[in-house]
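> all I have is the shape, not the residue letters:
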Ligand code: COA
């Protein structure tokens, strides 16, 4: 790798399962309403994986689109990184290995990354590190995929209305082009209160595991953390990269709750219309959220080469972070 080289995103892809579940559909089964969900979260619908689909199926769909858009053959990939907490297998093998086999990426190393909704942000930086370490690095495929429908308690209105399924993918390549590529990432964790947002099951002994593999959340605590974290990430980049708010083309936030995004916006000097949002249609797809949003923004034609895009996310762990990318 030459010192002036950066890692750029050369192709994106997204996949949403065909089954679309509206708020009214949920209200038919649960003590909730379209008005409550939309006013408290901004969510109108979510897409749910079919009974015969798996997370790897969704990842493959998104990955193939990203590879095609990048003009990269799977056989040329150097790494496949999958950000997920809802794997096809519980534990191992990783979803990245399954995807490697599906794609026939015979030269690729493959690993999963577990950072919940911040998983894609973490994965981009891990990929960047690997590519900078590995002289003459091949392209890397990074996928965020999540089947949240399989771990939410569909009887718990506090959580189930928030989530959806999907996958988003990005192909990364080294570039010497001036004004393109990932400038920096910011990765943080606050792991001292894991019960704020966790998935049951697992092997821990303290407290002993008694519950099923279902998501649990203290919504108000997560809300407060999220607003602070999302804003901190963007302010960090403005300060450390010495950027003016006008230089930022888009902020692509984790699509968790529109009220979180609006509260974070108020703490930032960036114009609200620069925040990309698709939560109304996709809900919170965890690790797939940011790459799905990037793929949709990319496909919309609103992005130009060299645009400055800042991602900002948070999730269980608690984790948070972002990436500053010259598109
Ligand atoms: N439909 C109708 N009522 C609901 C409801 C639903 N789907 N979910 C909760 N309520 C009720 C509550 O039971 C509560 O009723 P009560 O006052 O009788 O007890 C009332 O609405 C208000 O609950 P509250 O928790 O104060 O709502 P809120 O304004 O904090 O919104 C969340 C709840 C979950 C939407 C909000 O806290 C949130 O988005 N938190 C962050 C979650 C998140 O982003 N998680 C993912 C992290 S990656």
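Here it is on my side, so go on. Predicted, not measured: the structure shown is a model, and the values here were computed from it.
> what's the neighbour count on the nearest residue to residue 197 once chain neighbours are set aside?
Take residue 197 and drop its neighbours on the chain: the residue closest to it by C-beta to C-beta, 6 or more residues apart in numbering is residue 316, 4.2 Å away. In short, each C-beta sits where N, CA and C put it, glycine included. Counted with other C-beta atoms under 10 Å, residues neighbouring residue 316 total 23.
> what are the phi and psi values for residue 316?
Dihedral angles of residue 316 (phi, psi; degrees, to the nearest 10) stand at phi -60, psi 150.
> likewise residue 190?
When read as degrees, to the nearest 10, the backbone of residue 190 gives phi -130, psi 90.
> so it makes contact with residue 317?
Yes: with contact defined as C-beta atoms under 8 Å, residue 190 reaches residue 317; the gap is 7.1 Å.
> which one of those two is surrounded by more residues?
Higher neighbour count among residue 190 and residue 317: residue 317, with 22 against 14, using other C-beta under 10 Å.
> now for residue 221: which residues touch it?
Each residue near residue 221 by C-beta atoms under 8 Å, 6 or more residues apart in numbering is listed here: 193, 196.
> equivalent analysis for residue 209, please.
Per C-beta under 8 Å, 6+ apart, neighbours of residue 209: 200-203.
> report the buried members of those.
Buried residues within these, defined by neighbour count using 16 or more other C-beta atoms under 10 Å: none.
> mind checking which helix or strand the closest residue to the ligand within the stretch 1-150 of the chain is in?
The minimum distance from the stretch 1-150 of the chain to the ligand, using C-beta to the nearest ligand atom, falls at residue 32 (3.2 Å). Counting by DSSP states H and E, no helix or strand carries residue 32.
> any idea how far residue 273 is from the ligand?
Look at residue 273 and the ligand: by C-beta to the nearest ligand atom, to the nearest Å, they are 22 Å apart.
> ok, back up a step: the residue nearest to residue 197 and residue 191 touch, don't they?
No: look at residue 316 against residue 191 with C-beta under 8 Å: they stay out of range, at 10.0 Å.
> once you drop chain neighbours, what's closest to the residue of the stretch 1-150 of the chain closest to the ligand?
Nearest residue to residue 32, sequence neighbours excluded (C-beta to C-beta, 6+ apart): residue 157, at 4.8 Å.
> quick one: contacts for the one you found?
Counting by C-beta under 8 Å, 6+ apart, the residues that residue 157 touches are 30-32.
> by neighbours, which of those residues wins?
Counting neighbours by other C-beta under 10 Å, the top entry in these is residue 32, with 18 neighbours.
> quick check: phi and psi at that one.
When quoted as degrees, to the nearest 10, the phi and psi of residue 32 stand at phi -150, psi -180.
> for this structure, what spans make up the helices?
Assigned by DSSP state H, the helices in the chain fall at 23-27, 34-41, 55-70, 95-103, 119-133, 157-160, 219-240, 258-266, 279-282, 289-299.
> switch those over to a markdown table; also include distance to the ligand.
Below are the helices of the chain laid out as a markdown table (distance: least, C-beta to the nearest ligand atom, whole Å):
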| stretch | distance to the ligand |
| --- | --- |
| helix 23-27 | 8 |
| helix 34-41 | 4 |
| helix 55-70 | 17 |
| helix 95-103 | 19 |
| helix 119-133 | 11 |
| helix 157-160 | 4 |
| helix 219-240 | 3 |
| helix 258-266 | 6 |
| helix 279-282 | 10 |
| helix 289-299 | 8 |
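> of all the ones you listed, which one is nearest residue 78?
Closest of those to residue 78 is helix 119-133, at 7.4 Å (criterion: C-beta to C-beta).
> buried ones in that closest one, by neighbour count?
Under 16+ other C-beta under 10 Å, the buried positions of helix 119-133 are 119-128, 130-131.
> likewise for stretch 151-160?
Result for stretch 151-160 [16+ other C-beta under 10 Å]: buried residues 151-152, 157, 159-160.
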